[in-house]
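J.: Sequence and predicted structure are below.
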Amino acid sequence: MTVNDSPAERPTGIDAAAAPRTQDEPAPPGENGEGSERGCLIARLTELQRSMGRFFARDRSMPLLASTLTMQQLKVVMFLSFAGSTSGQELARHLGVGLATVTGIVDRVVAQGLAARHEDPHDRRVRRVELTEAGRRLTSEIIEAGTGGYTRLLRRLDTETLRTMETVMRKIEDAMREMHAEDAEPS
C-alpha cells in the first residue's frame, strides 16, 4: 500500500481501473481540502508534532541556552559539524555573507576554542576552518539534546506500539530521502 492508497482514497466505479495517483501528482479538487480525511489527518499529525516539539523544547534548548554563541557563530559551528573542514569562502556562501564578515565570526568562534584554522594541504593560500574537540562536544550536545526525554517517553509505550512506530518512522525516513534527492536535483 502506498501513501495515497488508503481505503478512503481508492477510486471506485469507472475510476477504479485507472492507475493509482503518485505522491507528486496533485490531488483532485476537494480531496486535499479541510473536509477530506487525508487533509484532516495531516492537520492532526502536524498539531501532534508541534505538541511534541513543545514538550521536548526545554531539553533541546538547554545546550543552546547555556551557550554564549551568537546566532551567526552558532550557524558556523553547526555548519562545520556537518561539513567538516571548510574554507572561509564556503562558509561565506553558506551563510550568505561576505568573506570579511565570516572572518570576524570565525575569529570569535576560534577565540572560544570551538574551531581552529589550518592551511589547506592542496592550496597553501587557503585557510580551512574545522571544529576542535570542544566544538564537536558542543554540537553533539545540541544535536543529541532531547534524546533522553524521547527515550523515556518511548519506554512508556507497549512493544506493539513501538513496532508500529518503527514501521511508520521508516516510511517517513524513506519519504525524507526522496524529498532530499528531489531537492538535490538541478532545476
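T.: Thanks, I have it.
J.: hey, where'd the strands end up in this structure?
T.: In the chain, the segments counted as strands under DSSP state E are 86-87, 115-119, 127-131.
J.: Could you name the helices and strands sitting against the second one?
T.: Put plainly, it is strand 115-119. If you count contacts as 3 or more CB pairs under 8 Å, 6 or more residues apart in numbering; DSSP states H and E, strand 115-119 packs onto helix 71-83, helix 99-111, strand 127-131. For the C-beta atoms, the positions are set from N, CA and C on the backbone; glycine is no exception.
J.: Direction included, what does that strand pair against?
T.: Take DSSP bridges as the rule and strand 115-119 pairs in its sheet with strand 127-131 (antiparallel).
J.: Now find how far off-centre the partner strand is within its chain.
T.: A distance of 24 Å separates the centroid of the chain from that of strand 127-131, by CA atoms, centre = their mean, to the nearest Å.
J.: In that strand, which residues are buried?
T.: R128, V129, E130, L131 (16 or more other CB atoms under 10 Å).
J.: Highest mean neighbour count out of the helices and strands packed on strand 115-119?
T.: Greatest average neighbour count among the helices and strands packed on strand 115-119 goes to strand 127-131 (a mean of 19), per mean count of other CB atoms under 10 Å.
J.: mean confidence for it?
T.: Averaging pLDDT along strand 127-131 gives 94.
J.: And for stretch 55-62?
T.: When the per-residue pLDDT values of stretch 55-62 are averaged, the result is 78.
J.: ok, residues contacting that stretch?
T.: Residues lying outside stretch 55-62 but in contact with it, judged by CB atoms under 8 Å, 6 or more residues apart in numbering, are A145, G146, G148, G149, Y150.
J.: Most neighbours of all those, which one?
T.: For the contacts of stretch 55-62, neighbours were counted by other CB atoms under 10 Å; the highest total belongs to G146, with 20 neighbours.
J.: picking up where we left off before, redo the contacts of stretch 55-62 as a markdown table? Include distance to A184 and pLDDT.
T.: As requested, the contacts of stretch 55-62 are exported to a markdown table (distance: CB to CB, whole Å; pLDDT from 0 to 100):
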| residue | distance to A184 | pLDDT |
| --- | --- | --- |
| A145 | 28 | 82 |
| G146 | 27 | 74 |
| G148 | 33 | 80 |
| G149 | 32 | 82 |
| Y150 | 28 | 87 |
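J.: In helices only, show me those.
T.: Judged by DSSP state H, the contacts of stretch 55-62 include G148, G149, Y150 as members of helices.
J.: can you list the residues you listed in JSON lines and add distance to S87?
T.: As requested, these are exported to JSON lines (distance: CB to CB, whole Å):
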{"residue": "G148", "distance to S87": "36"}
{"residue": "G149", "distance to S87": "38"}
{"residue": "Y150", "distance to S87": "36"}
